[in-house]
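**Q** A structural model of the following input is requested.
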Amino acid sequence: MAEVINMPRLSDTMEEGTVASWLKKVGDKVEEGDILAEIETDKATMEFESFNEGTLLHIGIQEGETAKVDTLLAIIGDEDEDISSLLNGNSSEAKETKAEEKPETIIQSKSDESSPSQELPEGVIVVTMPRLSDTMEEGTVATWLKKIGDTVEEGDILAEIETDKATMEFESFQSGTLLHVGLEEGDTAKVDSLLAIIGPEGTDVSSVAKNLTAGNNSAKKEDTPKQDTPKQQEVPKAEVKQEAPKQKIQATVSTSEAAGRLFVSPLAKKMAEEKGIQLNQVKGSGENGRIVKRDIENFTPSATASASTAKFVASGQEDFDEVPNSNMRKTIAKNLAKSKFTAPHYYLNVEFDMENAIAFRGQYNSIPEVKISYNDMIVKACALALREHPQVNSQWFEDRMQLNNHVHIGVAVAVTDGLLVPVVKFANEQSLPQIGAAVREYAGKARNKKLSLDEMEGSTFTISNLGMFGIKSFTSIINQPNSAILSVGAIVEKPVVKNGQVVAGNTMKLTLACDHRTVDGATGAQFLQTLKGYIENPVTMLV
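**A** This next block holds a predicted model:
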């Protein structure tokens, strides 16, 4: 059956989009994951991929045209399928198709069939779970910054929502009173599920909330057991197995005399876990001594704080902890599996002499208030080499290759929930100190989940560096839609042969993973030769 594709909401503030280009035309076969079009939002031009398979039967918005979010974008179905009823909007199949795409339509169809009392009261606005990233399918409410009965102004922050990439603030686009909250803190729901209802003070929205919940509750019910089951298993474990450190528990309780427990927002709790901060050492600045995110961000551990130790497990006893997969972890797993099994990877291994690089870095860092790392030098060298080898700086599409003449380098940063890849834009045009400052800023934001979507989008090449952990050599999975990723190992002091003599030297191993659809072996090898010239003679990067 034909599927109706509407103009997607690709950013939290997007109200309309412009089709920059169609990558499929009417009659083309479409596979799940294929890029249908490039859509210009209020923030960037983004690729929009299909979640359906079939034949592209109709295009509703032509290239260069602008339309509101949820306007008919395209129709995908079986070849030669009759879609006249969908275009006329008179078929029950059309209603069913749209209902699958947007839960609000389900509610509207129910309202049409039932009593008028279920229609939205005047001035009432339904707020749904927003799509805060292009890959977001569901979100978790980390914390509410408004409570029922509070006055909400346009631009006020309603809640902090955890997406597959970061925890982001969600602001209101309406003014009124918060009349209903559809998701409690910690609850997870699909995009477009009921999040809140805003309207005139005193308005009864109980029937509206009931109908909306009935329409989108299936997504919440599917997610809830996955989230709750581990928690139910963890609570008795904490009570039984953590009896020994009772003093720590008592200290925690004493920090909040008002209610006999520790007040902490879910976001602050999550940040504390990521940073290894014990909450009983943090003084809350929120209401009733509640610990909020600013307390974690500004926390300085005391000198007497004890080092973290492994959990005590009795000898001969099996023990485990279950941790629910975060949205970020699930998305990373999905994207890496897709990359590994769709892009034909191959690997090129090289070993560079680092003597000149070591000397160059030492001289450069002797300049007051200047500090660059080897990773900064590699980013700069790759950026210059990519300008000479656009094939490696390319992207693969079903009907074409895109050879990029701009260089945006993604730098992989390890975080608790997985891996984030902030992007250094126009890296070839930046100096070494500028690159160093950008990478340090992005790394800090990544670990605190403060990266914006713009700072994580648009990479044309990726670098993953595990040298600081002592890893000598490794391979990485390509960060699609890039065509290559460079894995950087540690600098190792070892015997080397120079001028026929065995002498002490310093070398570094690098591995280039390439997508064979866009980068041939010889092309990858030529890129590495150019990169070798810059790394082994870093003064050439300053020319």
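**Q** next helix or strand past the lowest-mean-pLDDT helix or strand in the chain?
**A** Within the chain, no helix or strand scores below helix 246-254, which has a mean of 31 by mean pLDDT, DSSP states H and E. Downstream of helix 246-254, the next assigned helix or strand under DSSP states H and E is helix 266-275.
**Q** And that following helix, how far out from the chain middle?
**A** A distance of 18 Å separates the centroid of the chain from that of helix 266-275, by Cα atoms, centre = their mean, to the nearest Å.
**Q** All further residue positions should be reported with the first residue as 506.
**A** With the count now opening at 506, the last piece we talked about shows up as helix 771-780.
**Q** Quick one: name whatever helix or strand follows it.
**A** Next element after helix 771-780 (DSSP H and E): helix 798-802.
**Q** Contacts for that following helix, please.
**A** For helix 798-802, contacts defined as Cβ atoms under 8 Å, 6 or more residues apart in numbering pick out 665, 770, 772-773, 776-777, 780, 782, 787-791, 953. C-betas here are computed from N, CA, C, even on glycine.
**Q** Which residues in the next helix or strand after that helix does the neighbour count mark as buried?
**A** Beyond helix 798-802 on the C-terminal side, the first helix or strand identified by DSSP H and E is helix 832-847. Within helix 832-847, the residues scored as buried using 16 or more other Cβ atoms under 10 Å are Asn832, Met833, Arg834, Lys835, Thr836, Ile837, Leu841, Ser844.
**Q** for the record, mean pLDDT for helix 832-847?
**A** Helix 832-847 shows a mean pLDDT of 83.
**Q** what do you get for stretch 987-1003?
**A** Mean predicted confidence for stretch 987-1003 is 94.
**Q** cool, stretch 965-977 as well?
**A** 93.
**Q** That one: which residues count as buried?
**A** In stretch 965-977, counting by 16+ other Cβ under 10 Å, buried: Thr965, Phe966, Thr967, Ile968, Ser969, Asn970, Leu971, Gly972.
**Q** what comes into contact with stretch 702-710?
**A** Taking Cβ under 8 Å, 6+ apart as the rule, stretch 702-710 contacts 626-632, 656-657, 677, 679-685, 687, 713-714, 717.
**Q** Restricted to helices, list those residues.
**A** Val713, Ala714, Leu717 (DSSP state H).
**Q** Pick out whichever of those residues sits closest to Glu586.
**A** Leu717 (32.0 Å; Cβ to Cβ).
**Q** okay, now the residue nearest to the closest one when sequence neighbours are not counted: neighbour count?
**A** Spatially, and ignoring its direct neighbours in sequence, Leu717 is nearest to Leu699 (4.4 Å; Cβ to Cβ, 6 or more residues apart in numbering). Leu699 has 27 neighbours, counted by other Cβ atoms under 10 Å.
**Q** shouldn't Leu699 be in contact with Val646?
**A** No. Taking contacts as Cβ atoms under 8 Å, Leu699 lies outside contact range of Val646: 11.6 Å.
**Q** overlap in contacts of these two?
**A** By Cβ under 8 Å, 6+ apart, the residues touching both Leu699 and Val646 are Leu688.
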